[in-house]
Every structure is written in C-alpha cells, then in structure tokens.
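Engineer: Quick one: sequence plus predicted model below, questions after.
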Amino acid sequence: MPAEPVMLEGKPALRPHREIDARWRYHAWLLALISLALLATALMEIHGDQQVTLPLAGPLPAACVWKSLWGTNCPGCGLTRSFVALTHADLAAAWRYNPAGTLIFAIAMYQIPFRSVQLWRLARGRADRRHRPWTIHLAVWATVTALIVQWLWRTVL
C-alpha cells in the first residue's frame, strides 16, 4: 500500500516523483525544440539589409506591432536579422542588426546541449541538473538590460 502524502494546509506537501519528471521532461523538450527552431534561421536570407526571406516561401512579413503602432523601432527590432546573420557566421552584420541578438542567440544555443543532457538523465531515472537561481536571474537580466541599452543607444544617438 502506497504511503499517504504529507499534507500541508490541506494540500500534499510534495508532488509525486513521476509528475515532477513529466513536468521537467516537457520543459526540457520545449526549450530544446525552440532552440533548434532558432537554428532554422540558417535557411533564411537577408535582402536589402531589411527584408528576411525564406526559400520557396518568399519574404517574411514585418511583424513588429510596436513599430506599426508608434513608428519607431522596438528593443527587439533586428533580432531575426541578427539570428540569420549569426547562423551565416556574419558577426559584424549580426551586431549591426541588434547587438543583444548575439547574447540571446548564445543563450539559446546553450540550451540545445544542456536540455539534451537533461532529457538523457531523466530518461535513465537520474535527477535533473538545475542551474542556481542567481544564474538564471543573471541571464534574464543581462538579456533584458542588453535589449534596453542597445535600444536606448540607437534611439537617442
């Protein structure tokens, strides 16, 4: 007979092990697939320094709501072009399109091996490896700061 879960304020204090594994497995798959999808920008091309095209599909539509509403670039403007340039090994162009794109791309590419190891560990019944909260906070705040600083730099200057 299974042990009764420890109750805390009328709720189980701990989730069952399988539920935790399923949640982390889903999380690892999701981040790995998003990061791999970012690599699909290698199939895209930049024409005229502004237009991103996908072979056999043609030009991608401009999707910046900020720019359509206010007529100015947003902090994320140029990220797609930056990612395309990075997958084509053109670091100078990537920096020109959006300097924060280099940091975001690096963080996303790190997710591919990290999440692959996570999935491998979970599939073998091992505990997942987690980053310390300060590491995650540092990455998030560095990304947000880089986006805002480069946007202010371009907007003011």
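Structural biologist: Looks like it came in fine.
Engineer: can you give me the helices in the chain?
Structural biologist: 17-39, 65-70, 79-87, 91-97, 100-123, 133-156 (DSSP state H).
Engineer: Now render these as CSV, adding distance to Q50.
Structural biologist: The C-beta positions use only the backbone N, C-alpha and C, and glycine is treated the same way. Formatted as CSV, these follow (distance: least, C-beta to C-beta, whole Å):
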stretch, distance to Q50
helix 17-39, 20
helix 65-70, 12
helix 79-87, 8
helix 91-97, 10
helix 100-123, 15
helix 133-156, 15
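Engineer: How about the contacts made by the one residue sitting closest to the centre of the chain?
Structural biologist: Against the mean C-alpha coordinate of the chain, by C-alpha atoms, centre = their mean, the closest residue is A108 at 4.8 Å. With contacts defined as C-beta atoms under 8 Å, 6 or more residues apart in numbering, the neighbours of A108 are 34-35, 38.
Engineer: With S35 instead?
Structural biologist: S35 neighbours (C-beta under 8 Å, 6+ apart): 108-109, 111-112, 115.
Engineer: pLDDT added to those, as JSON lines?
Structural biologist: Shown next, in JSON lines, are the contacts of S35 (pLDDT from 0 to 100):
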{"residue": "A108", "pLDDT": "93"}
{"residue": "M109", "pLDDT": "93"}
{"residue": "Q111", "pLDDT": "92"}
{"residue": "I112", "pLDDT": "92"}
{"residue": "R115", "pLDDT": "89"}
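Engineer: May I see the residues you listed organised as CSV, with distance to A89 added?
Structural biologist: Shown next, in CSV, are the contacts of S35 (distance: C-beta to C-beta, whole Å):
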residue, distance to A89
A108, 16
M109, 13
Q111, 20
I112, 17
R115, 24
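Engineer: Let me know the closest of these to L86.
Structural biologist: Nearest to L86 among these: M109, at 9.0 Å, using C-beta to C-beta.
Engineer: re earlier: with respect to L54, which of the helices of the chain lies nearest?
Structural biologist: Closest approach to L54 among these (C-beta to C-beta): helix 79-87, 10.0 Å.
Engineer: In terms of secondary structure, what does that closest one contact?
Structural biologist: Identification of packing neighbours for helix 79-87 by 3 or more C-beta pairs under 8 Å, 6 or more residues apart in numbering; DSSP states H and E yields strand 45-47, strand 51-54, helix 91-97, helix 100-123.
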